[in-house]
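**Q** sequence plus the predicted model coming up.
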Amino acid sequence: MALTKERKQVLIGEHKRAANDSGSPEVQIAILTTRVGDLTEHLRTHTKDYASRRGLLMMVSRRRRLLDYLKKIAPQRYLDVIRRLDIRK
């Protein structure tokens, strides 16, 4: 369920914008998308886990704010991110 260090490094490598990039909005959105997917699978089997559901809603909200920020500063990067990660708008 937790995102491993190796998987996180792979995500950073796929979505980074520069050699030392680990905190750009694209990377943060990719990491949150992976965590949201994992937690969604968990909640499909554990329907009454309300604490995890709250965490999921907070992650989705954080991802939405990052997407809104990216759309405001760089619309083309925003479109690329939602296309690559297959995020519904």
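**A** That came through fine.

**Q** when you work out contacts or count neighbours from here on, use the C-alpha atoms and nothing else.
**A** OK.

**Q** in this structure, which helix has the most residues?
**A** Counting by DSSP state H, the longest helix found in the chain is helix 50-73.

**Q** neighbouring contacts of the following helix or strand past it?
**A** Per DSSP states H and E, the first helix or strand lying C-terminal to helix 50-73 is helix 75-85. Helix 75-85 is contacted from outside by 26, 30, 33, 67, 70-71, 88-89, using C-alpha atoms under 8 Å, 6 or more residues apart in numbering.

**Q** what's the answer for stretch 27-35, then?
**A** Contacts for stretch 27-35 (C-alpha under 8 Å, 6+ apart): 2-3, 8, 11-12, 15-16, 59-60, 63, 66-67, 85.

**Q** mean confidence score for it?
**A** For stretch 27-35, mean pLDDT is 96.

**Q** if you rank the contacts of helix 75-85 by neighbours, which is first?
**A** Counting neighbours by other C-alpha atoms under 10 Å, residue 26 comes out on top of the contacts of helix 75-85 with 26 neighbours.

**Q** possible to save the contacts of stretch 27-35 as JSON lines with distance to residue 79?
**A** Output for the contacts of stretch 27-35, formatted as JSON lines (distance: C-alpha to C-alpha, whole Å):
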{"residue": "2", "distance to residue 79": "28"}
{"residue": "3", "distance to residue 79": "25"}
{"residue": "8", "distance to residue 79": "22"}
{"residue": "11", "distance to residue 79": "18"}
{"residue": "12", "distance to residue 79": "18"}
{"residue": "15", "distance to residue 79": "14"}
{"residue": "16", "distance to residue 79": "16"}
{"residue": "59", "distance to residue 79": "20"}
{"residue": "60", "distance to residue 79": "18"}
{"residue": "63", "distance to residue 79": "14"}
{"residue": "66", "distance to residue 79": "13"}
{"residue": "67", "distance to residue 79": "10"}
{"residue": "85", "distance to residue 79": "10"}
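
**Q** any low-confidence regions in the chain?
**A** 1 (pLDDT under 70).

**Q** run the last query once more with 80
**A** Within the chain, the stretches with pLDDT under 80 are 1-2, 89.

**Q** next, give me the two most distant ones among the contacts of helix 75-85.
**A** Largest separation among the contacts of helix 75-85 by C-alpha to C-alpha: 33 and 71, giving 16.7 Å.
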